[in-house]
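S.K.: Need a 3D model of the following:
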Amino acid sequence: MAQEKELVIERVINAPRALVWKTFTEAEHLRHWWGPVGFTLDVLKLDVRPGGMFHYAMRAGNGSAMFGRFDYIEIQAPEKIVFTNSFSDANANHVRAPFSGEWPLKILNTWTFEEKNNKTTLFLRGKPFEATDAEIRRFVQEFPGMNKGFGGTFDQLDKYLLTLNP
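M.R.: Numbering: from 1, shown residues only. Down below sits the predicted model:
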């Protein structure tokens with residue numbers, strides 16, 4: 001039952017794990033691909049270590065901004081990142097999602113990176129963290145949208161990696 005409440009995505013990335021790891025953990029790379037299609041990313045803070053934070057602003061074409069943050073729990077370079085993510089305000093305070101009061105305040109993510117034949121398989125697992133039953137139901141309802149959103153984000157990563165690893 002718990003597994004049904006967990007978003008699971010597997011993505012093969014056509015680049016070696018060391019390079020993929022850098023694109024997930026270095027600001028100069030993240031700003032080129034992280035976030036929804038059509039948005040730009042401002043990295044406001046990036047401290048990739050247990051207890052560290054990634055605070056960012058995603059800007060739409062009209063200039064409006066949405067803020068988010070990752071709170072890193074575990075880092076095993078270049079194999080694993082465990083963190084919670086949430087929407088935030090400009091000062092990195094946790095806030096509710098702008099689209100739903102029933103969206104979980106935090107999502108617990110475990111991302112693992114496995115290399116084979118100079119390609120990296122990313123395994124993304126996400127589930128509500130300290131959430132109510134209503135928040136869990138809302139999270140599960142959004143699986144199709146999250147799959148589409150992550151698909152677009154990872155398509156941007158693929159394009160960006162071509163500029164680094166032609």
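
S.K.: so Gly126, which of the three states?
M.R.: strand (DSSP: H, G, I helix; E, B strand; the rest coil).

S.K.: Can you pull out the low-pLDDT segments for the chain?
M.R.: Counting by pLDDT under 70, the ranges of the chain that qualify are 1-4, 165-166.

S.K.: how does it look with 50?
M.R.: Within the chain, the segments meeting pLDDT under 50 span 1.

S.K.: What segments of it are strands?
M.R.: When assigned using DSSP state E, the strands of the chain occupy the ranges 7-13, 40-46, 53-59, 65-76, 80-88, 94-95, 106-116, 119-129.

S.K.: now for the fifth one, which elements pack on it?
M.R.: What that stands for is strand 80-88. Where contact means 3 or more CB pairs under 8 Å, 6 or more residues apart in numbering; DSSP states H and E, strand 80-88 is packed against strand 65-76, strand 94-95, strand 106-116. Using the backbone N, CA and C atoms, a C-beta is placed for each residue, glycine as well.
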